[in-house]
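K.L.:
Just to be clear, the model below is a prediction. Sequence and coordinates:
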Amino acid sequence: MYAIAETSMFIRARIELPAGLKLATQDFREGWNFVVNKDARLLEKKILKRGWNYIRFADGWLCSGVGETPQSAVGNALNLALRQVSPHFNAVEVDHVEWTQYPWFFLVRVMVNPYRIQKGAIVPVLDDAIPLETALRPRRLPLDAAALFPNFSSAMPMLKEMLVLSRSSQTRVQ
């Protein structure tokens, strides 16, 4: 079983690594390998020492998972997170792990950061290399939103009244 914690590393199964860099890995899921007994900082030092680059592109993303144990929930959250990683990233660091215990299961939130390990310093810019969270910005209302939607603020009391009326009609029916 994997002992996945913060600063754990995952690399793609078919990644080119610097000559002489031997990593003990275990198969994880869907083309990813878990790097055994190496945290991200140690791996970064070894890669840079051999003249390669270890590039972090952007802030990562948060995924959740559930399981019967904390580690199974972490594995499920990572499975979801690794599916979202663009093929242009070949390494992922687990940045944050937070779990909550419920009576019959554990809920885990995991933050992962994408990396690229490569020889040269020049990184090709690709549209699909941007993580999903960065690509989709939250939409904001236009500055003249009050003019566009004049009845918006008056709708809330109406909705509240409808909710109260529907509750009272349900109690009479029973």
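P.N.:
Great, that's in hand.

K.L.:
need the helix or strand of the protein with the lowest average pLDDT.
P.N.:
Evaluated with mean pLDDT, DSSP states H and E, the helix-and-strand set of the chain has its lowest mean pLDDT in helix 132-135, which scores a mean of 53.

K.L.:
and residue 46, that one's in a helix?
P.N.:
Yes - in this structure, residue 46 lies within a helix as judged by DSSP: H, G, I helix; E, B strand; the rest coil.

K.L.:
Can you report how many residues lie near the spatially closest residue to it that is not a sequence neighbour?
P.N.:
Among residues not flanking residue 46 along the chain, residue 21 sits closest, at 5.9 Å (Cβ to Cβ, 6 or more residues apart in numbering). Glycine gets a C-beta too; all of them are placed from N, C-alpha and C. Neighbourhood size, residue 21 [other Cβ atoms under 10 Å]: 13.

K.L.:
So residue 111: helix, strand or coil?
P.N.:
strand.

K.L.:
Got the domain ranges for the protein?
P.N.:
Recorded structural domains for the chain (assignment: automatic domain parsing) are 8-135, 141-174.

K.L.:
which residues sit against stretch 65-75?
P.N.:
Contacts to stretch 65-75, defined as Cβ atoms under 8 Å, 6 or more residues apart in numbering, come from residues 1-4, 29, 76-80, 97, 99, 101, 105-108, 110.

K.L.:
For PyMOL, what selects the buried ones among those?
P.N.:
Selecting in PyMOL just the buried members of the contacts of stretch 65-75, where the criterion is 16 or more other Cβ atoms under 10 Å, is done with this command:
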select buried, resi 4+76+77+78+97+99+106+107+108+110
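
K.L.:
Go through the contacts of stretch 65-75 and flag which are in strands.
P.N.:
In strands, judged by DSSP state E, the following of these are found: 97, 99, 101, 106, 107, 108, 110.
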